[in-house]
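**Q** sequence-free structure coming up:
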């Protein structure tokens, strides 16, 4: 029997067949119908990436109900907001802290009538999911529900990350999702042996479409990472062939590789540099070709083995990927398919096809999607993948859906071949005191290619010049200090030293040479605490909460002027 899922148990990945998955879906679907769930009822899922996520989601969708995914990083008050706004009648979780948070939130959510947990329930407030699966599956009743589902029927309400305010509920229909899935063959050939690794939050539309709907729709399998901090180990164990990622992860991997190389002997460093130098050449002579094959064994293969050794496509989305990072992985024979989309487009709008990928662009419009650039540079789109609107929010819907076109809020341009390039977020554009418009993501994208820089936020609206808060890479900076023979120091002392600050400033100047004078960064502040989901400075989808960072560190930014 063909495996649908791989779950890590007893120290190894064990298969779950399509038959086993289908049986569980039918039993949970029957249990939900017996619990009184009607078509259109909203059911929330608060759960880590695991096999049961698919079981519950497909059970909900198969009876015409509506899935409301919740991020596991949500605080109880965030959960309560989504439950109340969506009017969810049932919420299902795994257990542990998530169950505690859900119970706390449910007290404030008047619509919630039942809570279910993968763990044993108390029989009163919380029921065990096993209760839903305990009866005989009612195939006839389930088939009647399935037969009535139309493409334009609401399938899910996905709440946006909320970088500036309360999240909005994006309504996506079955047709929105199917339209995205139908474009896959034109982008990447899927073969039965393909396997994916799921580690990004399944509450995020990119991961849910790419590592959830896609594999089951095309009959391939998906393995689940145990936890976010075990992804590196699970990659080696699961040996995926396709993986959905975000630029932040690729930036971190690249920085760590470069930092480790900096700690190695001069010979290893020269071999690494030689590999990248030869990889950039279109043609090799006989001896240089042999040397490159040797270097690929010594350098490239070792890096590819970190991804399991079988990876043939890295799909990157969710934020702009810098050219340097994309080319780094391409050089290592890890093809990067950068795409672009939003939750409101289910999410795909454009993507690089495997056969003709262009680093620095997000590819041509996806099949069935029209994209054009408005007079002010904004990317607008229309197609069968675009949401019908925001849940219970007509005002916000009218702001983004105008005359049938979805206004993305992103700024972009097409190249001569029709490949789309994203230059910035419309609302994030900095206008300096001289009236110049500056795209901060463009500047930041160049700087994260610097191995010594982990994260950076550019500031300067209505100011005479740009400043930046820089989070340095501790590993890379300590390797830099050791290479220069500097005495070992505490990380706080090294990060606060004038020597490191001046060196970072000089590296920043080098990276920003191609830009205009008004896009240069004049002053920086070194900040040792990374921006994370936990400290509220990044969204669950790994985007910087720019406005919140500006507010929280306003005095610090202003001190740079």
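**A** Happy to help now that I have it. Treat the numbers as computed from the prediction; the structure is a model and nothing was measured. Numbers count the residues shown, from 1 in each chain.
**Q** from here on, just use CA atoms for contacts and neighbour counts.
**A** OK.
**Q** partners of the worst-scoring helix or strand of the chain on mean pLDDT, with directions?
**A** Ranked by mean pLDDT, DSSP states H and E, the weakest helix or strand in the chain is strand 437-438, scoring a mean of 79. Each strand that pairs with strand 437-438, with its direction, by DSSP bridges: strand 430-431 (antiparallel).
**Q** which outside residues touch the strand it pairs with?
**A** 437, 438, 439, 440, 459, 460, 461, 462 (CA atoms under 8 Å, 6 or more residues apart in numbering).
**Q** try it again with 6 Å
**A** 437, 438, 461, 462 (CA atoms under 6 Å, 6 or more residues apart in numbering).
**Q** and those, which of them are buried?
**A** 438, 461 (16 or more other CA atoms under 10 Å).
**Q** JSON lines for the contacts of strand 430-431, including distance to residue 72?
**A** Shown next, in JSON lines, are those (distance: CA to CA, whole Å):
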{"residue": "437", "distance to residue 72": "37"}
{"residue": "438", "distance to residue 72": "35"}
{"residue": "461", "distance to residue 72": "34"}
{"residue": "462", "distance to residue 72": "37"}
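**Q** residue 462 versus the residue most central in space within the chain, what's the distance?
**A** Nearest residue to the geometric centre of the chain (CA atoms, centre = their mean): residue 246, 4.3 Å. Note on residue 246: its distance to residue 462, by CA to CA, to the nearest Å, is 31 Å.
**Q** same thing with residue 31?
**A** 58 Å.
**Q** what is the longest strand along the chain packed up against?
**A** Ranked by residue count, the top strand of the chain under DSSP state E comes out as strand 405-414. Judged by 3 or more CA pairs under 6 Å, 6 or more residues apart in numbering; DSSP states H and E, the packing partners of strand 405-414 are strand 378-383, strand 420-425.
**Q** so which of the ones you listed comes closest to residue 140?
**A** strand 378-383 (34.8 Å; CA to CA).
**Q** mind listing what's buried in the host helix or strand of residue 258?
**A** Element membership for residue 258 (DSSP states H and E) is helix 247-263. Within helix 247-263, the residues that qualify as buried are 247-248, 250-256, 258-259, 261-263, counting by 16+ other CA under 10 Å.
**Q** got the contact list for that helix?
**A** Residues contacting helix 247-263 (CA under 6 Å, 6+ apart): 321, 451, 476, 479.
**Q** quick one: the following helix or strand past it to helix 247-263, angle?
**A** Next helix or strand after helix 247-263 toward the C-terminus (DSSP H and E): helix 266-279. Interaxial angle of helix 266-279 relative to helix 247-263 (axes from the mean of the first three to the mean of the last three CA atoms, to 10 degrees): 130 degrees.
**Q** start at 54 instead
**A** Sure thing, new numbering starts at 54, so read that last one as helix 319-332.
**Q** how far does stretch 57-76 stretch from start to finish?
**A** 12 Å.
**Q** okay, buried residues for that stretch please.
**A** Buried-residue list, stretch 57-76, by 16+ other CA under 10 Å: 57, 58, 59, 60, 61, 66, 68, 69, 70, 71, 74.
**Q** contact partners of the helix or strand containing the last one?
**A** Counting by DSSP H and E, the secondary-structure element that holds residue 74 is helix 71-87. Applying CA under 6 Å, 6+ apart, the contact partners of helix 71-87 are 56, 57, 108, 112, 185, 186, 190, 191.
**Q** at 8 Å what do you get?
**A** 54-58, 108-109, 111-113, 115-116, 184-192, 195.
**Q** put the buried members of those into a ChimeraX selection.
**A** A single ChimeraX command selects the buried members of the contacts of helix 71-87 (16+ other CA under 10 Å):
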select :56,57,58,108,109,111,112,113,115,116,184,185,186,190,195
